[in-house]
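Q: Prediction below, plus the sequence it came from.
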Amino acid sequence: MNYLKSKQNGFTIVELLIVIVVIGILASITVVSFNGVQQRAGAAVLQSDLRTGSTQLELIFADEAAYPADTADVRKSSGTDFEYTNNGNTFCLTASSQTAQASYYLDSAIGAISTGTCTGHNGYVAP
């Protein structure tokens, strides 16, 4: 008599655990990479807002021969906070954001964007 052995198809518990661990490792790498991308994108937005804001302030100065008292008319992205100091013939503009977790500033006397804040500005405060 020939007895047929029934062969069970499927995965062992060890194989399933190995697959779950590999998926977990890949997921954690993806999350860490995604957070870095968000911060870099936020920093790029801040720097772009500073350039745009500086150009707008310079256009106002060209039209009115004076910088404005505040940045109410200066456009910026949502999530960007401006701090502004007007020193007569120069200004200092700080842009900060919770998304970027950073602050950048532009001093019109220097004309370059730098990390940090203008003197007397608060900028981004870590929670």
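A: Here it is on my side, so go on. No experiment lies behind these values; they were computed from the predicted model shown.

Q: shaky segments in this protein?
A: 1-7, 127 (pLDDT under 70).

Q: center of it, which residue is that?
A: Centroid-nearest residue in the chain, with C-alpha atoms, centre = their mean: residue 42, separated by 1.8 Å.

Q: so where do the helices sit in the chain?
A: For the chain, applying DSSP state H gives helices covering 13-64.

Q: Contact partners for residue 47?
A: 95, 104, 113 (C-beta atoms under 8 Å, 6 or more residues apart in numbering). Bear in mind the C-beta positions are built from the backbone N, C-alpha and C, glycine included.

Q: which of these lies closest to residue 78?
A: Nearest to residue 78 among the contacts of residue 47: residue 95, at 12.7 Å, using C-beta to C-beta.

Q: give the contact list for the closest residue to the residue nearest to the centre of the chain other than its chain neighbours.
A: Spatially, and ignoring its direct neighbours in sequence, residue 42 is nearest to residue 100 (2.8 Å; C-beta to C-beta, 6 or more residues apart in numbering). If you count contacts by C-beta under 8 Å, 6+ apart, residue 100 has them with 39, 41, 42, 43, 45, 46, 124.
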